[in-house]
Every structure is written in structure tokens, then in C-alpha cells.
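Participant: how would this look folded up:
(one chain, ligands or ions: 1)
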Amino acid sequence: MAMTRHVLVVAGSDSSGGAGITRDVETIAALGLRSCVAVTAVTAQTHQSVEWIEHMPPGMVAAQMRAAIAANSVKAIKIGMLGTTGAIAETATVLRDHSDIPVVLDPVFASSSGRPLIVQDAVAALRGHLMPLCRLVTPNLPELAALTGSAIAPDEASACRQGQELSRSVSTAVLVKGGHARGNEAVDLLVQPDRLPLRFVAPRLPGEMRGTGCMLSSAIAVFLALGASLEESVRNAKKFVFNILAGQSEISATWDDEQAAG
Ligand code: PLP
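Facilitator: Down below sits the predicted model:
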């Protein structure tokens, strides 16, 4: 019997439903695949504040991953909040045993309300141990700045330079999410070692929505699970998330993938 394709979600729960595992699972289901999960942390959150964080023991994160992979046909892995160095090391060990499965890592450092979601040393561990094992890493501008030890990029050219620096140092593709930049366009940059950067442009929508990073990285994992190239996966996932944010409305995005200047 053919097994249904699954995406393994390695992430934290968010009691408000605004971000984290519930967002990931909803996204994967909306795109027609099934999920299995490894819970990395349980958080008590409203949409305005983080009240409590309990990180899972590292061995429990690894055990959930191994069991999920044993039980299903896992075709891609999405990693979100992974807040301790121990859990990062254990996750890396599991990934090394399954190097055929593409991994998308959304480096979650803080909630929109500003509360840190990972311990300080975990930033270095993510970069040193986990990122080299991933197919794609999807930082926003503040996360990219923390990962490269720089100030938050003030413009697209510096965002591109920081993305290239990270991409070279971890030998992995980086999608720099420009959602935090100003302007009337949301520009994301796909930076890969030894390739010219690609720009993905969408009109900026008004308002703030939580969990968009979770949705985008999960949607990219779905398209990778379906066998699409990295570039196609990013393009399709961005369209999908834009349509959700636009409330499936009549707004039609002009999709303009070009080589970035930087
Ligand atoms: N809480 C959890 C468990 C998350 O995984 C994330 C992001 O991935 C967040 C909070 C942060 O989301 P937001 O920036 O929407 O607050």
C-alpha cells in the first residue's frame, strides 16, 4: 500500500493558535499533505504576550522525530522553534541519519511581542550544528542580523550581503524575508552559494498577522516534499501565503522574480 506523503513538523506549540505547530499543520493540510509532529516546546501565549515556556527534554524531541519518521513516509521536515542547545544537538543527530529528507529551518528567536523564545547559546548552535544540514534557512531581517552579528540591514543591498555571508558560512540556501523592511513591496531574497540571488516581490499588505513565517516555511516544505525545485517551492509558497493574507480576495499579486542587484 502506498503511504501518504507527510511533512514532519519540529516546532513549539502556541496556545493562542497564532503561530507554531497549529499554523504549520493548518498550512500543510491546506496544501493537501499530512503532518506528523515533534513538539519542541509548549508555550502559553496570547496574541500580545508570552506567559510561559516549557522546553521539551532533548531526548524527547529526538524520540518524537524518530518515531514520526518510522511511522510515516516523511518527504520533508520543517523546523521552527528549537530553543535549547541540547535539543538542537539531538535534532542534528536525527537529521544526519536521514540526510535524504530536505529540511527547511525557520530560525525562531522571539515572538512578535519581543519575548525571546530560545536561550542565548542556541543561536550559535543553530548556525554551527543545524544550518549546514538544511536545504533552506528562512530568517527575517532581525534574525539574519543576530545570525551574522550585524546591525539590522537598513536596505536591500545590505540584506543581500548578510544573506550571502550566512549562506556561505553554513553552505546552505538562505531566504531573507524582507517583511520587516519598509516600503510598499515585500521583497524576499533567495541567496544560494555560487548562484546569483533571486528576488521575490509581492505587494505589501496592510496590518500585522502572526505566524506568517511559520506558514511560509511549512508551505515551502510541502512543495519540496512534492518534488519541486527550491526556487519553484519558494515561489509557490509565497503565492500561497500571499493569498491567505489577502483573504483569498481579488488582489492579484504581480510576481516578479528577478536577479537582485546586490
Ligand atoms: N511562538 C511559537 C511557538 C512560534 O513557533 C513562533 C514562530 O514561529 C512564535 C511564537 C512567534 O510568532 P509571532 O512572530 O507571530 O509572534
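Participant: quick check: which element contains the nearest residue to Ala237 once chain neighbours are set aside?
Facilitator: Setting aside the residues directly before and after it, Ala237 is nearest to Ala219 in space (Cβ to Cβ, 6 or more residues apart in numbering), at 3.5 Å. Backbone N, C-alpha and C define where each C-beta goes, glycine included. In the assignment (DSSP states H and E), Ala219 maps to helix 212-225.
Participant: and the ligand, is that helix touching that?
Facilitator: Yes: for helix 212-225 and the ligand, the contact criterion (Cβ under 6 Å from any ligand atom) is met by 213-214.
Participant: and the helix or strand that that helix is followed by with helix 212-225, angle?
Facilitator: Toward the C-terminus, helix 212-225 is succeeded by helix 230-245 as the next helix or strand (DSSP H and E). Inter-element angle recorded for helix 230-245 and helix 212-225: 140 degrees (by axes from the mean of the first three to the mean of the last three Cα atoms, to 10 degrees).
Participant: which of the residues in helix 230-245 are buried?
Facilitator: Residues of helix 230-245 classed as buried by neighbour count (16 or more other Cβ atoms under 10 Å): 230, 233-238, 240-242, 244-245.
Participant: what does stretch 94-103 give?
Facilitator: For stretch 94-103, burial by neighbour count (16+ other Cβ under 10 Å) applies to 94-95, 101-103.
Participant: now do the same end-to-end measure for it.
Facilitator: Using Cα to Cα, to the nearest Å, one end of stretch 94-103 lies 12 Å from the other.
Participant: what does stretch 140-155 give?
Facilitator: When the termini of stretch 140-155 are compared using Cα to Cα, they are 13 Å apart.
Participant: would you agree the residue nearest to Ala237 is in contact with Asp24?
Facilitator: No: the pair Ala219 and Asp24 does not pass the contact test of Cβ atoms under 8 Å, sitting 9.5 Å apart.
Participant: okay, now Ala71: neighbour count?
Facilitator: Neighbouring residues of Ala71 were enumerated by other Cβ atoms under 10 Å; the total is 11.
Participant: which residue, other than its chain neighbours, is closest to it?
Facilitator: Cys36 (6.7 Å).
Participant: neighbours of the one you found, how many?
Facilitator: A total of 21 residues lie near Cys36 under the criterion other Cβ under 10 Å.
Participant: just say helix, strand or coil for it.
Facilitator: strand (DSSP: H, G, I helix; E, B strand; the rest coil).
Participant: tell me the pLDDT of Ile251.
Facilitator: Taken from the predicted model, the pLDDT recorded for Ile251 is 30.
Participant: ugh, wrong one, His6
Facilitator: Per-residue pLDDT puts His6 at 98.
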